[in-house]
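# have a look; sequence and predicted model below, questions after that.
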Amino acid sequence: MFMICSILFLVVVLVRPMNLVHNERTKLTATLFNAFAAALIATGLIAPVAAVAYGISELRIGAAYTAALLLVCGSGGAVLHWIGRAVLGSLRE
């Protein structure tokens, strides 16, 4: 009986904190991917559009280059965001 109680104690007390540590690390990793996604979208998608819209940019680049930049940064940010969401799928109960 003592052996069963000891095993249950170890499972409840020792395994649960490991799940908590794993979950916190998983959430931190997902946050990292989401922060990179937000930074990529802000610098490669929002900033060039705002610079052109307000006439701030003195650098003259072609429309094809601008479109490619917007496409790459926008899709890259979306991919990083979805990777962050996929990482959250490994949370434990």
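Yep, it's here.
# show me where pLDDT drops low in this structure?
For the chain, the stretches flagged by pLDDT under 70 are 1-17, 59.
# now the strands for it?
Per DSSP state E, the chain carries no strands over any range.
# all helices for it, in order.
Here the chain has its helices, by DSSP state H, at 2-10, 16-41, 47-54, 63-87.
# what about Leu45, neighbour count?
19 (other CB atoms under 10 Å). From N, CA and C alone the C-beta is placed, and that goes for glycine too.
# pretty sure it is touching Val72, no?
No: contact criterion CB atoms under 8 Å: Leu45 and Val72 do not qualify, at 9.4 Å.
# surely Ala50 touches Ile56?
Yes: in terms of CB under 8 Å, Ala50 counts as a neighbour of Ile56; the distance is 7.3 Å.
# related to what we said a few turns ago, got the helices of the chain as a markdown table, with distance to Glu93 and mean neighbour count columns?
Putting those into a markdown table (distance: least, CB to CB, whole Å; neighbours: other CB atoms under 10 Å) gives the following:
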| stretch | distance to Glu93 | mean neighbour count |
| --- | --- | --- |
| helix 2-10 | 18 | 9 |
| helix 16-41 | 7 | 14 |
| helix 47-54 | 41 | 12 |
| helix 63-87 | 16 | 14 |
